[in-house]
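A.B. asks: Provide a 3D model corresponding to the input given below.
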Amino acid sequence: MSSDFQRQMPSAQNANQSRWLYKVHLDPILLALVSVVLCFGLVVLFSAAGDQTSMFDAQCQRVLAAMAMLVVAAQLPPGVYLRWAPFVYLLGLILLVLVLFVGVTVKGSQRWLEIPGVLRFQPSELMKIAVPMALAWYLQQRVLPPSPKHVFFSLLIIALPALAIAVQPDLGTAILVAGAGFAVLMLAGLSWRYLIFAGALIAAAAPLLWQFALQGYQRQRIITLFDPESDPLGAGWNIIQSTTAIGSGGLFGKGLLQGTQSHLDFLPEARTDFIIAVVGEELGLVGVVFLLLMYLCIIARGLVLAVSAQSTFARLFAGALTLTFFIYLFVNIAMVSGLLPVVGVPLPLVSYGGTSIITLMASFGIIMSMRTHKAW
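C.D. replies: Numbers count the residues shown, from 1 in each chain. Predicted structure coming up:
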């Protein structure tokens, strides 16, 4: 009897811990998965930062702030997000307009607003949450699947911030914001006929987009995608060095702090956009596969929570945030692997950065809120 009692004790303790987390509206499975990836990212960043310990310290502080943001976001019931959706969207649009006039320029892109000596932030990150929240608010009042009229207004809600972000220029974030909006439309039951029509329209407009919508460096990135060796010391450098780093790691990698491509500064943006190449070089295929499995588990758990939400708004919003995370992941890995042009999308929860990781953690808190709050 005593041995049976001892075996039951750990399971009872785990059950009590899970119940406590649910009381504060945190999903233990999603929280554990996200925490594993955050810790993994800090280890990789510590290695990639090398002697720049201040960078690692700053990221640790950001992770703590992001975790606090997750907890706060999880406490707000879906009704709060529903009521505030149009106001948050309008605030985001106003901030994007301010960026065009008084934004801070870094590395040739005007993307940030700054309160001198206090805060610098990227308003476009807010739109990754504001756009799906506004669309879920708009569509939950309609008959689904949406009619052509409601599809038109939904596309307008998506297009305004996406275009404002694209002219900063920040094509990567514009793609993510547009993807978040389209995720809501797909979850709302958008007919495949609309997607086929949109694809045909984009294909027909491609020459005009190439000539007038894309910057010169963006056109060069697309050309380099198909033949990086055509400019190995210029536009092709990033892709060549990232694929070299990933391939050189082999099965188990060279070991932490032993990567040559990153530590000898061959690999560009090793701590931000191209940090998956550091994982491949130092931890090998095993490290990359482990990270991808964790990501897939996060996406799967997010979709489970979205499906089990109790209202149309909650399901659309939580599902769209989860699919946006998938788009985030796909674009970064495809970019670093040479399957997509380089568009400046960081690796979620791993790359160095502040606004991005706080936005992502807030998204996970919202997903938990959509599921764990029983009453509005």
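
A.B. asks: and the helix or strand that contains Ala206, which residues are buried?
C.D. replies: Per DSSP states H and E, Ala206 falls inside helix 192-208. Within helix 192-208, the residues that qualify as buried are Tyr194, counting by 16 or more other Cβ atoms under 10 Å. Using the backbone N, CA and C atoms, a C-beta is placed for each residue, glycine as well.

A.B. asks: which neighbouring elements make contact with that helix?
C.D. replies: Packing partners of helix 192-208 (3 or more Cβ pairs under 8 Å, 6 or more residues apart in numbering; DSSP states H and E): none among the helices and strands.

A.B. asks: please put the alpha-carbon coordinates of that helix into PDB.
C.D. replies: Once side chains and other backbone atoms are set aside, the C-alpha atoms of helix 192-208 remain, and they are given as PDB (Å, rounded to 0.1, in the frame of the first residue of the first chain):
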ATOM      1  CA  TRP A 192     -10.900  28.400 -52.600                       C
ATOM      2  CA  ARG A 193     -12.300  30.200 -55.600                       C
ATOM      3  CA  TYR A 194     -11.200  33.500 -54.000                       C
ATOM      4  CA  LEU A 195      -7.700  32.200 -53.500                       C
ATOM      5  CA  ILE A 196      -7.400  31.000 -57.100                       C
ATOM      6  CA  PHE A 197      -8.700  34.400 -58.300                       C
ATOM      7  CA  ALA A 198      -6.300  36.200 -56.100                       C
ATOM      8  CA  GLY A 199      -3.400  34.100 -57.300                       C
ATOM      9  CA  ALA A 200      -4.300  34.800 -60.900                       C
ATOM     10  CA  LEU A 201      -4.600  38.500 -60.200                       C
ATOM     11  CA  ILE A 202      -1.200  38.600 -58.600                       C
ATOM     12  CA  ALA A 203       0.400  36.700 -61.500                       C
ATOM     13  CA  ALA A 204      -1.200  39.100 -64.000                       C
ATOM     14  CA  ALA A 205       0.000  42.100 -62.000                       C
ATOM     15  CA  ALA A 206       3.500  40.700 -61.400                       C
ATOM     16  CA  PRO A 207       5.200  42.800 -64.100                       C
ATOM     17  CA  LEU A 208       3.800  46.000 -62.700                       C
END
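
A.B. asks: how far does it sit from its chain's centre?
C.D. replies: Using Cα atoms, centre = their mean, to the nearest Å, we find the averaged C-alpha position of helix 192-208 to lie 25 Å away from the chain's own average C-alpha position.

A.B. asks: any idea how far the residue nearest to Met186 when sequence neighbours are not counted lies from Val177?
C.D. replies: Nearest-residue entry for Met186: Leu323, 7.7 Å, with adjacent residues in sequence omitted and distances by Cβ to Cβ, 6 or more residues apart in numbering. As for Leu323, its distance to Val177 is 13 Å (criterion: Cβ to Cβ, to the nearest Å).

A.B. asks: do the same with Val80
C.D. replies: Here Val80 is placed at a distance of 22 Å from Val177 (Cβ to Cβ).

A.B. asks: who has more neighbours, these two?
C.D. replies: Val177 (30 against 13; other Cβ atoms under 10 Å).

A.B. asks: could you count how many residues lie near Phe46?
C.D. replies: By the other Cβ under 10 Å criterion, the neighbourhood of Phe46 contains 17 residues.

A.B. asks: ignore what I typed, I meant Ile165.
C.D. replies: Applying other Cβ under 10 Å, we find 26 residues neighbouring Ile165.

A.B. asks: thought it was touching Ile175?
C.D. replies: No. Assessed by Cβ atoms under 8 Å, Ile165 is found out of contact with Ile175, at 9.2 Å.

A.B. asks: what's the longest strand in this structure?
C.D. replies: Criterion DSSP state E: the longest strand present in the chain is strand 109-115.

A.B. asks: contact partners of that strand?
C.D. replies: Outside strand 109-115, the residues that touch it by Cβ atoms under 8 Å, 6 or more residues apart in numbering are 95, 98-100, 102-104, 106, 120-124, 168-170, 173.

A.B. asks: so where do the helices sit in the chain?
C.D. replies: Listed in chain order, the helices found in the chain under DSSP state H are 2-23, 28-49, 53-75, 78-102, 123-139, 148-166, 171-187, 192-208, 216-226, 237-248, 260-263, 275-307, 312-336, 355-372.

A.B. asks: of all these, which one is nearest Pro116?
C.D. replies: With Cβ to Cβ, the closest approach to Pro116 among those belongs to helix 78-102: 11.7 Å.

A.B. asks: and the angle for the closest one with helix 123-139?
C.D. replies: Orientation note: helix 78-102 sits at an angle of 140 degrees relative to helix 123-139 (axes from the mean of the first three to the mean of the last three Cα atoms, to 10 degrees).

A.B. asks: quick one: mean pLDDT over helix 78-102.
C.D. replies: For helix 78-102, the per-residue pLDDT values average out at 93.

A.B. asks: quick one on the thing from earlier: restricted to buried residues, select the contacts of strand 109-115 in ChimeraX.
C.D. replies: Buried members of those, defined by 16+ other Cβ under 10 Å, are picked up in ChimeraX with:
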select :95,99,103,121,122,123,124,168,169,170,173
